[in-house]
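>>> prediction below, plus the sequence it came from.
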Amino acid sequence: MKSFSATSRIESLYRAVLRIRRVEEAIAERYAAQEMRCPVHLSIGQEAVAAGVCAALTQQDGVFSNHRAHAHYLAKGGSLTAMLAEIYGKAEGCCNGVGGSMHMIDLAAGFMGAVPIVGATVPLAVGAAWAAKLRGEDKVIVVFFGDGTFEEGVVYESINFAVLHQLPVLFVCENNLYACYTRLSTRQPERPIHAVAAACGCKTMTVDGNDALVVFDVASGAVADLRAGSLPFFLECATYRWREHCGPNVDDDLGYRPQAEVAEWKAACPVNRLATLLHAMPECQDFMADVEREISEEINAAFAGALAGGIPQQTDLPGYLYA
């Protein structure tokens, strides 16, 4: 991880959260064209967690994700063109066009994979951390998951194993309060999720997941401790998704979330928080305009490149099977 001045760190995180926001807004805008033939789970509103955590990592560190993977993939350095090509089902996609939005991988960037089954990547991440320790590698493994994952038994088994073997794994819970349309309080007992992880033996911390600077600071400390051989670390980030659970639209008309709650979380927008800091720095005004333009140009070029890709061939399908 490179040394940054305070201003450079804010600029870097702003670029990361804004890029994720603009990419996902572009996906939402173009989804209605019916050319993306897979479901998409967007992270609009939750960008600071991915940006803050991944800024604390090196390229060699590994990241696992879940069905809401775009932000983690991009923040870890995955190819935007390959990600979009995958969503469009093109052979140039990061999974050769046969995985879609919920199955992505970019090993060169250290993005180890994402799958849609809730909790499925948690034991994979623990296995990767165990392999890294056995090989003597200077590598930290991060796994991102939502609050709903804490209703899967394999998560507890994985945390227990990681603590028992003192593995270099950072568990990151993006607690956005809802699993599909059901609020956390109706699915789990009234106790903090991180407290359960602490009872299992993890070092824990809970943070404002919409503050990228805070997330970065805490994640940096956790990663440093893990490199030094500490117990596994569990980071619970309070955040909120703005769009529907699955899809490009806004579904607040369904009434499962109080309007006052939605407004409160939108007022805590992770992009605007960093923008407010930059607006107070006269030397950063040109930067903000420049980065907006650069991201727009990158997105347009990536969509064009993705759409120009080829269709996977049926004859290639056996190559993706394992038996």
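In hand now; what should we look at?
>>> thought residue 238 was touching residue 206?
Yes - Residue 238 lies in contact with residue 206 (Cβ atoms under 8 Å); the separation is 7.0 Å. C-beta here means a position set from N, CA and C on the backbone, and glycine is covered the same way.
>>> could I get the contacting residues of the residue most central in space within the chain?
In the chain, the centroid-proximal residue (Cα atoms, centre = their mean) is residue 72; its distance is 2.9 Å. Residue 72 makes contact with 50, 54, 63, 65, 111, 114, 144 under the criterion Cβ atoms under 8 Å, 6 or more residues apart in numbering.
>>> for the host helix or strand of the first one, packing partners?
If I follow you right, that is residue 50. Secondary structure from DSSP states H and E places residue 50 in helix 47-54. Judged by 3 or more Cβ pairs under 8 Å, 6 or more residues apart in numbering; DSSP states H and E, helix 47-54 is in contact with helix 6-31, helix 70-75, strand 141-146, strand 169-175, helix 212-227, helix 270-279.
>>> wasn't residue 206 part of a helix?
No - Residue 206: not assigned to a helix; according to DSSP: H, G, I helix; E, B strand; the rest coil it is strand.
>>> next, count neighbours for it.
The number of residues packed around residue 206, counting by other Cβ atoms under 10 Å, is 17.
>>> before we move on, what about residue 280?
8.
>>> quick one: secondary structure of residue 248?
coil.
>>> from residue 35, how far off is it?
13 Å (Cβ to Cβ, to the nearest Å).
>>> and those two? Which one has more around it.
residue 248 (19 against 12).
>>> that one touches residue 41, doesn't it?
No - under the criterion of Cβ under 8 Å, residue 248 makes no contact with residue 41, lying 10.1 Å away.
>>> quick one: contacts for residue 233?
Residue 233 touches 169, 170, 171, 202, 203, 204, 205, 222, 225, 226, counting by Cβ under 8 Å, 6+ apart.
>>> of those residues, which qualify as buried by neighbour count?
169, 170, 171, 202, 203, 204, 205, 222, 225, 226 (16 or more other Cβ atoms under 10 Å).
>>> phi, psi of the fifth one?
By that I understand residue 203. phi -80, psi 140 (degrees, to the nearest 10).
>>> good, wrapping up.
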